[in-house]
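Student: Here's my sequence, what's the structure:
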Amino acid sequence: MRRGATAAIALTCAFTLAACGSAEEPGSSATSEDTMSESPMDEESPMDEESPMEESPMDDEMMSEALDFTATTASGDTFEGADLAGSPAVVFFWSEMCDTCSDTASALADVEDVELLSLAGKESDPMDDPMADVEGVTQLEDSMGDLASHFGVMADGDVVLIDDHGEVTHHGPMDPMKLHDEVTSLTM
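Tutor: Alright, predicted model coming up:
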């Protein structure tokens, strides 16, 4: 089962990378330097500097993709990702076997003005959520790993940061010591 999920994630990543390839016509004389200057993404991460958010169909598409999910809360209610539109959010994927999850949960307990979502790993009991006592946290179930796949999460303890435009600005591990500042930057 685990190998199948890993293979599915790897295949998804491969298709994503292929889709991000150059749209340049064969035989075009554009140099790699020209292509790099036209690229909407630079080598710096989105968290390194602020860039103005431009309205474009791609931004709307990315927002709808990031927020296009439905989940079940630990209490059995339905949660729609679209409800996060207009609010920055942190999605925390944890498990009982995770060495850094309690430190990450402690760092997240102090953040304000963001939506906090906490997801138990496939083999974890939602009742053991390290964020269960944090006010305002929405606990979501992900026993099949659908949300982990949706956000490209590869390991327990990973954090997904979503800005108020619905754009994922980070997904993956994050140093708990830097987490508070990174999350605070979403609200500025």
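
Student: how far away is His170 from Asp77?
Tutor: Using Cβ to Cβ, to the nearest Å, one gets 27 Å for the distance from His170 to Asp77. Using the backbone N, CA and C atoms, a C-beta is placed for each residue, glycine as well.

Student: Between the two, point out the one with more neighbours.
Tutor: Neighbour totals were compared for His170 and Asp77, and His170 leads with 20 against 10 (other Cβ atoms under 10 Å).

Student: hang on, that one packs against Asp158?
Tutor: No. Contact criterion Cβ atoms under 8 Å: His170 and Asp158 do not qualify, at 9.5 Å.

Student: Helices of the chain, residue ranges please.
Tutor: Secondary structure of the chain (DSSP state H): helices located at 2-19, 32-38, 57-67, 101-109, 146-151, 176-186.

Student: by how many degrees do the last one and helix 101-109 diverge?
Tutor: Inter-element angle recorded for helix 176-186 and helix 101-109: 30 degrees (by axes from the mean of the first three to the mean of the last three Cα atoms, to 10 degrees).

Student: Going by neighbour count, which residues of helix 176-186 are buried?
Tutor: Across helix 176-186, burial judged by 16 or more other Cβ atoms under 10 Å covers 176, 179, 182-183, 186.

Student: Now for the residue lying closest to Ala155 once chain neighbours are set aside, how many residues are close by?
Tutor: Nearest residue to Ala155, sequence neighbours excluded (Cβ to Cβ, 6 or more residues apart in numbering): Pro173, at 6.8 Å. Residues near Pro173, counting by other Cβ under 10 Å, number 15.

Student: State the pLDDT value of Pro173.
Tutor: pLDDT, the model's per-residue confidence, is 91 for Pro173.

Student: ok, now which ones touch it?
Tutor: Applying Cβ atoms under 8 Å, 6 or more residues apart in numbering to Pro173 gives the contacts 100, 155, 157-159.

Student: Okay then, goodbye and thanks.
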